[in-house]
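J.: predicted model and sequence follow; I will ask about them next.
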Amino acid sequence: MVGSNFVKAQIFAKEQGILAGVPFVDAICEEVGIKKPTWIFQEGAYLLNASPTNRTSVAVVVGPAKKVLLAERIMLNVLCRCSGVATESHRVRSALAWNGWSGQVVGTRKTTPGFRMVEKYGLLVGGAGTHRYDMSSMVMLKDNHVKLSGQTSSMHDLITKTKKYAGFQFKIEVECQNLDDALNAAHAGADIVMLDNLEPEEAIAAAKELKSAHPNLLIEASGGINSSNAAKYAVPEIDIISMSCLVQGYPIIDFSMKVD
């Protein structure tokens, strides 16, 4: 105890992984009226020795008991989830880099409602990209947009109109389910083509043909890609691999808080 109303507590990591979420925990403490924690490890540190039987202290929190306990659960929830995203992102990205792939692994917008900022931030700490933060970050023409534009609209007309309204400052990405659609989108001036829900062999063949015709085109593989099959898409012709599993259904890193 530090004084009659104050306590000192430690936040422990109980699993190996990357520490992520420090700014959010600091903000939670500020919101409830206690000092920011004293961090023993820096953001992005890999907690190599942490385990259930070898808890690793990552931070010390001091403040009135009521306020410390008020902040406890949300601090731990944020750390568990943000560190989980960072750790899984780092694991996937490192495995692909070890195999010689130099492209970018990114998350998607399939984030937890109300928790997007934390999960997108966790991607960055883990070395992955955020893709679009929201729909204002880039123009993406998905299958539903193409259908709603009218059956008589050509891809060229659709992209031309989109560029007119979006302006020069936005890149345009088009979601494509087959090679013909992808070639049409590239010919029409798309900056990025997403090969969506294609099997690895089909995606690679399409990417090679697209790059041959449009060397400066960015190609993204997406849909059904996870840590077990991502390496199959990691070829030089594919620039981006997007994975929903990095922000949806990811394993957490377990943290706890104990009052000294």
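T.: Noted; the coordinates are in hand. Numbering: from 1, shown residues only.
J.: now the helices for the protein?
T.: 22-32, 65-98, 116-125, 143-148, 155-166, 179-187, 200-213 (DSSP state H).
J.: closest one to D134 among the ones you listed?
T.: With Cβ to Cβ as the criterion, D134 lies closest to helix 116-125 of those, at 7.9 Å. C-beta coordinates here come from the backbone N, C-alpha and C atoms, glycine included.
J.: which residues are contacting the closest one?
T.: Helix 116-125 has contacts (Cβ atoms under 8 Å, 6 or more residues apart in numbering) with 18, 20-21, 23-24, 43-44, 78, 81-86, 89, 106-107, 109, 111-112, 129-130, 133-134, 246-247.
J.: can you turn the buried part of those into a ChimeraX selection?
T.: Provided next is the ChimeraX selection string for whichever of the contacts of helix 116-125 are buried by 16 or more other Cβ atoms under 10 Å:
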select :18,20,21,24,78,81,82,83,84,85,86,89,106,107,109,111,129,130,246,247
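J.: ok, back up a step: quickly, which of the helices of the chain bottoms out on average pLDDT?
T.: With a mean of 72, helix 143-148 has the lowest mean pLDDT of the helices of the chain.
J.: go through it and flag the buried ones.
T.: V146.
J.: circling back to that earlier point, is it possible to get TSV of the helices of the chain that adds distance to N5?
T.: Output for the helices of the chain, formatted as TSV (distance: least, Cβ to Cβ, whole Å):
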stretch	distance to N5
helix 22-32	14
helix 65-98	6
helix 116-125	31
helix 143-148	56
helix 155-166	56
helix 179-187	64
helix 200-213	60
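J.: please name whichever of the ones you listed is nearest to V193.
T.: helix 179-187 (4.8 Å).
J.: orientation of that closest one relative to helix 200-213 in degrees?
T.: Between helix 179-187 and helix 200-213, the angle comes out at 30 degrees (axes from the mean of the first three to the mean of the last three Cα atoms, to 10 degrees).
J.: what packs against helix 179-187?
T.: helix 155-166, strand 172-176, strand 192-196, helix 200-213 (3 or more Cβ pairs under 8 Å, 6 or more residues apart in numbering; DSSP states H and E).
J.: among the ones you listed, which is nearest I240?
T.: Closest among the helices and strands packed on helix 179-187, using Cβ to Cβ: strand 192-196, at 7.7 Å.
J.: show the average pLDDT along the closest one.
T.: 96.
J.: that strand pairs with which strands?
T.: strand 172-176 (parallel), strand 218-222 (parallel) (DSSP bridges).
J.: centre of the chain to that strand, how far?
T.: 18 Å (Cα atoms, centre = their mean, to the nearest Å).
J.: next one: stretch 241-258
T.: 10 Å.
J.: same question, stretch 210-219
T.: So, by Cα atoms, centre = their mean, the centroid of stretch 210-219 is 25 Å from its chain's centroid.
J.: got the buried residues for it?
T.: So, applying 16+ other Cβ under 10 Å, buried residues of stretch 210-219: 210-211, 214, 217-219.
J.: which other residues reach that stretch?
T.: 179, 182-183, 186, 190-193, 195, 207, 237-240.
J.: among these, who's most crowded?
T.: Neighbour counts for the contacts of stretch 210-219 (other Cβ atoms under 10 Å) peak at A182, which has 28 neighbours.
J.: dump the residue contacts of that one.
T.: 174, 176, 193, 195, 206, 210.
J.: ok, for it, nearest residue in space, not its chain neighbours?
T.: Distance criterion Cβ to Cβ, 6 or more residues apart in numbering; nearest residue to A182, sequence neighbours excluded, is C176 at 4.0 Å.
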